[in-house]
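> task: produce atomic coordinates for the following.
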Amino acid sequence: MDILNRLIDSMQDDLIKSVQKLVQIKSVKGEKQLSCPFGEGPAKALAEALRIGQNLGFKVKNINNYVGYVEYGTGKKMVAILGHLDVVPEGAGWDFPPYAAEIHQGKIYGRGTMDDKGPILAALYGLKAIKEAGIKLTQRVRILFGTNEESGSRDMKYYLEQGGEIPIVGFTPDGDYPVVNSEKGIIFFDAIKVFRNTHSSITIKYIKGGIAASMVPAYCEVKLQIRDNFLKKKIIKKFEQFIRDRGYQIRIEQNNEYLILKSKGIAAHAMEPEKGKNAIMQLVCFLDTIDLGSNDVVDYIHWLVENIGMENNGYSLGINCKDDGGKLTLNLGIADINEDQAMVRINPRYPHNFKGSDILAKIKVKAQTANIKIENVMDEPSLYFHPDHLLIKTLIQVFEEQTGQRGKPLAMGGGTYAKSMPHIVAYGPRFPGTPVVEHQPNEYIKIEELILNAKIYAHAICKLSQKNWNL
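All right, here's what the predicted structure looks like:
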């Protein structure tokens with residue numbers, strides 16, 4: 001066992017405690033404050049990460065609570081590791097408290113353990129091992145802690161706007177091993193309609209579900225107002241038949257003239273929506289089977305069912321496509337519908353040989369047929385590195401040396417900081433054959449894999465920092 005791996009083994013307890021401290025800070029994006037651009041939680045997490053870095057003996061800097069970094073070395077050029085401290089909302093369905101960082105059966109449980117607090121701290125402790133070993137590096141190393149990756153990566157945009165140094169190469173520990181050479185393009189948009197004609201014997205008071213567009217919604221609730229008891233019984237009977245036919249987990253409650261329908265789905269990351277079950281669309285599909293009359297609400301619901309339904313490939317929207325980087329995926333993640341207007345937030349992810357502008361144009365044509373407006377659009381282009389790129393080959397070599405496994409570059413549906421700067425790729429922390437736990441209840445990181453990540457990252461930093469890059 002080499003000196004770096006021995007040093008990391010000796011730091012295991014400290015690394016675990018650091019991960020626990022960071023995970024115990026709820027760093028979901030909050031309301032902007034004077035000194036906290038993304039809310040108090042992300043700012044607290046950044047302060048803690050920099051405190052850990054300083055205690056490990058590194059120079060640290062906080063750039064107005066957008067980004068912070070730890071730096072080591074004296075070279076003219078810089079290698080960077082980019083990780084994020086913000087997390088998606090915890091949601092429901094946890095067996096352990098999402099911000100307690102409890103350890104059970106060799107796993108640390110909590111929101112951010114895998115995405116991305118655990119992995120970026122693994123990189124930090126890998127750098128500490130390099131420092132302790134006295135290994136000479138040609139380039140400086142900077143570990144960047146971001147605070148807005150889950151909500152648009154405005155943190156890294158700010159870093160660059162403020163004149164932040166651009167690395168020659170680097171990686172983000174926010175993907176898969178052996179290495180990710182292709183990231184899909186990611187679109188977010190709202191499909192909005194203001195209701196003018198709402199007359200009906202059944203009033204939809206609200207449809208509310210989902211907590212993030214990047215998550216398959218695990219819960220949705222609908223409240224119907226039905227004053228006619230005969231009609232109410234008819235709806236209940238139809239609902240019971242619908243459940244028998246579809247097998248969805250939906251229950252119905254009666255409260256005087258109201259029916260409340262509660263749908264339970266299965267949460268999943270929007271990059272793999274086929275692994276989830278959409279609680280919102282389960283209910284919308286039921287609503288489309290009952291006679292709600294003829295009005296704007298009915299038109300909107302019917303449009304959702306006709307163009308999205310329970311699909312996750314965009315086929316009915318006319319945007320399905322695929323290449324060597326995979327197939328387009330589609331997730332409807334949030335619904336906020338009331339008597340006056342409707343909004344759903346939708347997240348298509350497209351492979352690297354296609355353009356987001358073309359996909360959006362097709363969606364807008366479909367939306368116009370129901371007078372639906374497409375607003376609040378974000379289009380993050382795809383990313384691609386050739387498998388023979390020196391950065392890709394170098395990182396695969398380190399993975400193979402540290403794990404004994406053969407490696408080939410992968411395509412990924414998730415979006416990372418790799419798109420924020422040139423010559424950055426996603427590298428780990430998820431090992432081949434392990435489940436996706438990010439954005440789901442009971443997110444965890446195995447302690448043995450946390451330590452192995454630190455070893456891989458230490459060796460990767462050495463390799464990247466000792467090469468003379470000419471890219």
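> quick check: pLDDT value at residue 1.
Predicted confidence (pLDDT) for residue 1: 53.
> can you check residue 234 too?
Residue 234 is assigned 93 on the pLDDT scale.
> could you give me the buried positions within the helix or strand hosting it?
Residue 234 is located in helix 229-246, with elements delineated by DSSP states H and E. Under the neighbour-count criterion of 16 or more other Cβ atoms under 10 Å, helix 229-246 has 232, 235, 239, 242, 243 buried. (C-beta placed from N, C-alpha, C; glycine too.)
> can you check stretch 402-411 too?
Applying a neighbour-count criterion of 16+ other Cβ under 10 Å, the buried positions in stretch 402-411 are 402, 403, 407, 409, 410, 411.
> just for the stretch 1-150 of the chain, where's the confidence low?
The stretch 1-150 of the chain contains residues with pLDDT under 70 at 1.
> which stretches of the stretch 201-350 of the chain form helices?
With DSSP state H, counting those that start in this stretch applied, the stretch 201-350 of the chain shows helices at 229-246, 279-287, 296-307, listed in chain order.
> distance from the chain centre to the first one, please.
What it means is helix 229-246. What separates the centre of helix 229-246 from the centre of its chain is 37 Å, taken as Cα atoms, centre = their mean, to the nearest Å.
> could you say what helices and strands it packs with?
Here helix 229-246 touches strand 219-226, strand 249-255, strand 258-264, helix 279-287, going by 3 or more Cβ pairs under 8 Å, 6 or more residues apart in numbering; DSSP states H and E.
> same deal with the last one?
In terms of contact count using 3+ Cβ pairs under 8 Å, 6+ apart, helix 296-307 is assigned the packing partners strand 185-194, helix 279-287, strand 341-350.
> could I have it exported to CSV, CA atoms only?
As requested, C-alpha coordinates have been extracted for helix 296-307 and formatted as CSV (Å, rounded to 0.1, in the frame of the first residue of the first chain):
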residue,chain,number,x,y,z
ASP,A,296,-59.7,25.8,-19.8
VAL,A,297,-58.9,23.5,-16.8
VAL,A,298,-60.0,20.4,-18.8
ASP,A,299,-58.0,21.5,-21.8
TYR,A,300,-54.9,21.9,-19.7
ILE,A,301,-55.3,18.5,-18.0
HIS,A,302,-56.0,16.8,-21.3
TRP,A,303,-52.9,18.4,-22.9
LEU,A,304,-50.7,17.0,-20.1
VAL,A,305,-52.1,13.5,-20.5
GLU,A,306,-52.0,13.5,-24.3
ASN,A,307,-48.4,14.9,-24.5
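> what angle do that helix and strand 341-350 make?
Inter-element angle recorded for helix 296-307 and strand 341-350: 10 degrees (by axes from the mean of the first three to the mean of the last three Cα atoms, to 10 degrees).
> where exactly do the helices run in the stretch 351-471 of the chain?
356-368, 390-403, 447-466.
> check these for me and report the most buried one.
Sort these by mean neighbour count, taking mean count of other Cβ atoms under 10 Å, and helix 447-466 sits at the top with a mean of 23.
> now do that one: distance to the chain's middle.
The chain centre lies 23 Å from the centre of helix 447-466; the measure is Cα atoms, centre = their mean.
> restricting to C-alpha, output that helix in PDB.
Once side chains and other backbone atoms are set aside, the C-alpha atoms of helix 447-466 remain, and they are given as PDB (Å, rounded to 0.1, in the frame of the first residue of the first chain):
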ATOM      1  CA  ILE A 447     -17.900   4.500   4.500                       C
ATOM      2  CA  GLU A 448     -15.600   2.100   2.600                       C
ATOM      3  CA  GLU A 449     -16.500   3.800  -0.600                       C
ATOM      4  CA  LEU A 450     -15.900   7.200   0.900                       C
ATOM      5  CA  ILE A 451     -12.400   6.200   1.800                       C
ATOM      6  CA  LEU A 452     -11.700   4.600  -1.600                       C
ATOM      7  CA  ASN A 453     -12.900   7.800  -3.200                       C
ATOM      8  CA  ALA A 454     -10.400   9.800  -1.100                       C
ATOM      9  CA  LYS A 455      -7.600   7.500  -2.300                       C
ATOM     10  CA  ILE A 456      -8.700   7.700  -6.000                       C
ATOM     11  CA  TYR A 457      -9.000  11.500  -5.800                       C
ATOM     12  CA  ALA A 458      -5.600  11.800  -4.100                       C
ATOM     13  CA  HIS A 459      -3.900   9.900  -6.900                       C
ATOM     14  CA  ALA A 460      -5.900  11.700  -9.600                       C
ATOM     15  CA  ILE A 461      -4.800  15.100  -8.200                       C
ATOM     16  CA  CYS A 462      -1.200  14.000  -8.200                       C
ATOM     17  CA  LYS A 463      -1.400  12.800 -11.800                       C
ATOM     18  CA  LEU A 464      -3.200  15.900 -13.100                       C
ATOM     19  CA  SER A 465      -0.900  18.200 -11.100                       C
ATOM     20  CA  GLN A 466       2.300  16.600 -12.300                       C
END
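> no further queries at this time; thank you.
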